[in-house]
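A.B. asks: Sequence first, predicted model second:
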Amino acid sequence: MIDFLAILDGLTKFFLIFSFILVVILATKEALTGEAPYIPSRFKTVLKMIDIAGDLKDKVVLDLGSGDGRVLFLCAKRGAKKCIGIEKNFFLYLFSNIVAQIFFKNKVKIIHGNMWNYSIKNTDILFVYLLPNTINKVEKKILKEFKKDKIIIISNRFKFPNLSPTEIDEKLHIYKYVVTK
Ligand SMILES: C[S@@+](CC[C@H](N)C(=O)[O-])C[C@H]1O[C@@H](n2cnc3c(N)ncnc32)[C@H](O)[C@@H]1O
């Protein structure tokens, strides 16, 4: 265990330990039911999701249900212009907002709230890791709200019901969609 921790960098160790504590705290009935429980994407998966998303430079990234903010922080490191997360769980919001303020000021913004009350209209790249029922509702939301010529959507684990993926990572279950006007 000590050797395993020794090979990780400081930020990864911090996330690993914090995520573990959070999962234990949040593993209550309430946290594990509802629209999407807090099950963070694995770092390996997040890195692949970002690769599949393509060039992030000058892009506005949104993570609906941003959890501990890991997707946003890695997108910011990869050069995204602005990374926004919406998270309804107060503790996850608090933690990710503190990290954002300390390490990614001006680049990452975490909003404490309900994703259904936030428009996706200014988003270039949307990341989601949500349950199938919620994904269905998100699909309707995207089609109703998106205003730009194109929006790229990267979904971890679950497919959208009516959209056709343009790229799939079969091993990690990552689906990419490009929706155009
Ligand atoms: C499976 S986790 C994914 C976290 C992060 N996106 C990732 O990939 O590591 C889903 C997150 O969505 C949040 N969530 C669920 N329903 C939400 C809602 N209506 N509004 C905002 N956040 C929500 C949960 O609290 C949880 O943190």
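C.D. replies: Structure received. If you're wondering where the values come from, they're calculated on a predicted model, not measured in any experiment.
A.B. asks: pLDDT score for the residue of the chain at minimum distance from the ligand?
C.D. replies: Per Cβ to the nearest ligand atom, Gly65 is where the chain lies closest to the ligand, at 2.2 Å. Quick note: C-beta positions are derived from backbone N, CA and C, even for glycine. Here the pLDDT value assigned to Gly65 is 97.
A.B. asks: Enumerate every residue touching it.
C.D. replies: 35-36, 86-88, 115, 128-130, 134 (Cβ atoms under 8 Å, 6 or more residues apart in numbering).
A.B. asks: Could you rerun that using 6 Å?
C.D. replies: By Cβ atoms under 6 Å, 6 or more residues apart in numbering, the residues touching Gly65 are 36, 130.
A.B. asks: Please apply the same query to Lys181.
C.D. replies: Neighbour list for Lys181: Asp149 [criterion: Cβ under 6 Å, 6+ apart].
A.B. asks: if we can go back for a sec, quick check: the residue of the chain closest to the ligand vs Phe15, distance?
C.D. replies: For Gly65, the distance to Phe15 equals 17 Å [Cβ to Cβ, to the nearest Å].
A.B. asks: swap in Gly79?
C.D. replies: Distance from Gly79 to Phe15, by Cβ to Cβ: 20 Å.
A.B. asks: more neighbours, the two?
C.D. replies: Of the pair Gly79 and Phe15, Phe15 is the one with more neighbours under other Cβ atoms under 10 Å, namely 19 against 12.
A.B. asks: can you tell me the helix or strand for that one?
C.D. replies: helix 10-26 (DSSP states H and E).
A.B. asks: quick one: contacts of that helix?
C.D. replies: Applying Cβ under 6 Å, 6+ apart, the external contacts of helix 10-26 come out as 38, 40.
A.B. asks: all helices of this structure, in order?
C.D. replies: Here the chain has its helices, by DSSP state H, at 2-6, 10-26, 43-53, 70-77, 90-103, 132-145.
A.B. asks: bridging residues for the closest residue in space to Val138 that isn't next to it in sequence?
C.D. replies: The spatially closest residue to Val138, leaving aside those adjacent along the chain, is Val128, at 6.0 Å (Cβ to Cβ, 6 or more residues apart in numbering). Going by DSSP bridges, Val128 is paired in beta bridges with Leu64, Ser155.
A.B. asks: Go ahead and confirm Val128 touches Leu64.
C.D. replies: Yes. With contact defined as Cβ atoms under 6 Å, Val128 counts as touching Leu64 (5.3 Å).
A.B. asks: on that earlier part again, run the chain-centre distance for the helix holding Phe15.
C.D. replies: 16 Å (Cα atoms, centre = their mean, to the nearest Å).
A.B. asks: Helix 43-53 and that helix, what's the angle between them?
C.D. replies: 110 degrees (axes from the mean of the first three to the mean of the last three Cα atoms, to 10 degrees).
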